[in-house]
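Engineer: Give me coordinates for this.
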Amino acid sequence: MKERKVTRREFIGKCAMTTAGIGAALVAPGLAAESAGKIGDYKISLAEWSLHRRHFDGKLNLIDFPKVTREEFGIGAIELVNVFFPSPTYNFLRDLNKQAADNDVKILLIMCDGEGDMANADVKERLQAVLNHHKWVNIAAILGCHSIRCNSGQGKAGDEQAIERCADSFARLAEYGTKSKINVIIENHGGLSSHPESLMKVMKTVNSPYFGTLPDFGNFPKEVDKYDAVRQMMPYAKAVSAKCYDFDADGNETTIDFRKIMKIVTDAGYNGYVGIEYEGNRLSEPEGILAAKKLLERVRGTEA
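Structural biologist: Okay, here's the model as predicted:
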């Protein structure tokens with residue numbers, strides 16, 4: 001029987017525009033055309049969600065993730081997911097830091113889900129969501145991360161009141177992050193964040209050096225041009241998620257043009273980590289991760 005993939009958004013739920021492209025072209029026509037030249041440099045990391053089935057099957061614990069990342073995949077940087085923390089006690093965090101150091105693996109960020117709606121119309125619920133994220137800022141600081149990844153909260157594209165509420169929440173959280181020099185970043189991951197025009201309004205309103213984006217190559221609605229959306233997010237990007245689902249016989253991702261999208265990423269001046277986030281179903285998780293790594297290594301520094 002074919003195993004059905006579980007997306008992170010589906011899991012979170014169980015636990016708890018082309019128009020934009022036209023607008024960007026009207027404002028800055030030059031950005032709409034692909035520039036000539038080579039894809040720039042970047043580093044490769046592994047998002048823990050790529051092994052979510054292994055986690056759910058009880059075959060992987062977070063404490064072993066650094067060792068698995070280094071030994072199975074030859075990758076030296078990881079992105080954690082808060083739902084896989086067994087207990088964020090100081091002793092556990094100390095042990096996790098040791099495991100990462102022993103395997104020469106950097107812990108880059110924590111993807112935070114299930115901590116409340118940052119755009120909630122109920123002010124008490126919204127401010128509680130802000131407070132719920134404080135512990136992850138603190139944990140990120142102990143682990144030596146640069147960021148926590150958050151969700152924007154619910155809201156339809158162009159909902160000005162939801163945008164205003166979201167911006168207020170993230171301004172508060174970014175201010176808290178400033179104390180520990182931890183960035184607060186939003187991934188396009190449902191709600192307001194999956195509509196680039198709405199997300200850009202949030203970014204510009206908050207306007208903090210400790211507030212940014214995490215462009216994910218997937219997660220956009222069908223009506224949104226993913227390439228233009230990533231281009232809009234890149235000026236604020238502090239991390240990048242290389243979402244992938246399947247690969248053809250030549251090793252190319254079947255739903256995303258990696259040469260095109262990585263050219264957009266590096267043309268923005270980004271040369272940091274690009275995190276593999278495999279969510280496919282045909283290949284096993286290790287096979288998908290290795291295929292994504294090979295593709296990212298192959299396109300780096302080549303002509304787009």
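
Engineer: what about F217, distance to L296?
Structural biologist: Applying Cβ to Cβ, to the nearest Å, the value for F217 to L296 is 11 Å. Where C-beta positions appear, they are placed from N, C-alpha and C, glycine not excepted.

Engineer: go on, C244?
Structural biologist: Applying Cβ to Cβ, the value for C244 to L296 is 9 Å.

Engineer: overlap in contacts of these two?
Structural biologist: Both C244 and L296 are contacted by I276, under the criterion Cβ atoms under 8 Å, 6 or more residues apart in numbering.

Engineer: between those two, which one's more packed in?
Structural biologist: Legend: neighbour count by other Cβ atoms under 10 Å for C244 and L296, higher for C244 (26 against 20).

Engineer: Restricting to C-alpha, output stretch 131-142 in PDB.
Structural biologist: Extracted C-alpha coordinates of stretch 131-142, given in PDB (Å, rounded to 0.1, in the frame of the first residue of the first chain):
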ATOM      1  CA  LEU A 131       4.300  35.000  25.200                       C
ATOM      2  CA  ASN A 132       4.200  31.300  24.200                       C
ATOM      3  CA  HIS A 133       7.100  31.900  21.800                       C
ATOM      4  CA  HIS A 134       9.400  33.500  24.400                       C
ATOM      5  CA  LYS A 135      10.500  30.100  25.700                       C
ATOM      6  CA  TRP A 136      11.700  29.200  22.200                       C
ATOM      7  CA  VAL A 137      13.700  32.400  21.900                       C
ATOM      8  CA  ASN A 138      15.400  31.400  25.200                       C
ATOM      9  CA  ILE A 139      15.900  27.800  24.000                       C
ATOM     10  CA  ALA A 140      17.400  29.000  20.700                       C
ATOM     11  CA  ALA A 141      19.800  31.200  22.600                       C
ATOM     12  CA  ILE A 142      21.000  28.300  24.700                       C
END
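
Engineer: Centre of the chain to that stretch, how far?
Structural biologist: Computed by Cα atoms, centre = their mean, to the nearest Å, the chain-centroid distance of stretch 131-142 equals 17 Å.

Engineer: Pull out the buried residues from it.
Structural biologist: Neighbour counts using 16 or more other Cβ atoms under 10 Å place 133, 136-141 of stretch 131-142 among the buried residues.

Engineer: which among the residues you listed gets closest to L46?
Structural biologist: If you rank the buried residues of stretch 131-142 by distance to L46 using Cβ to Cβ, A140 comes first, at 17.4 Å.

Engineer: Run through the residues that contact the closest one.
Structural biologist: The neighbourhood of A140, defined by Cβ under 8 Å, 6+ apart, consists of 109-110, 146-148, 180, 182.

Engineer: ok, it to H134 distance?
Structural biologist: Using Cβ to Cβ, A140 is found at 11 Å from H134.

Engineer: One more: P215?
Structural biologist: Here the criterion is Cβ to Cβ. By it, P215 lies 25 Å from H134.

Engineer: Would you map the helices across this structure?
Structural biologist: Ranges of helices within the chain are 8-15, 18-27, 52-56, 65-73, 90-102, 123-143, 160-180, 196-206, 226-233, 258-267, 285-299, based on DSSP state H.

Engineer: Name the stretch among these that sits most buried.
Structural biologist: Among these, the stretch with the highest mean neighbour count (mean count of other Cβ atoms under 10 Å) is helix 226-233, at a mean of 24.

Engineer: Now that one: average pLDDT?
Structural biologist: Here the mean pLDDT over helix 226-233 is 97, rounded to a whole number.

Engineer: what helices or strands is that helix leaning on?
Structural biologist: Counting by 3 or more Cβ pairs under 8 Å, 6 or more residues apart in numbering; DSSP states H and E, the packing neighbours recorded for helix 226-233 are helix 18-27, helix 196-206, helix 258-267.

Engineer: what's the least confident stretch among these?
Structural biologist: The lowest average pLDDT among these, as it happens, falls on helix 18-27, at a mean of 34.

Engineer: Find the least confident helix or strand in this protein, judged by mean pLDDT.
Structural biologist: For the chain, the helix or strand with the lowest mean confidence is helix 18-27, at a mean of 34 (criterion: mean pLDDT, DSSP states H and E).

Engineer: Let me know the pLDDT of the closest residue to L96 other than its chain neighbours.
Structural biologist: Across the structure, with Cβ to Cβ, 6 or more residues apart in numbering as the measure, the residue nearest L96 apart from its sequence neighbours is I63 (6.0 Å). At I63, the model reports a pLDDT of 98.
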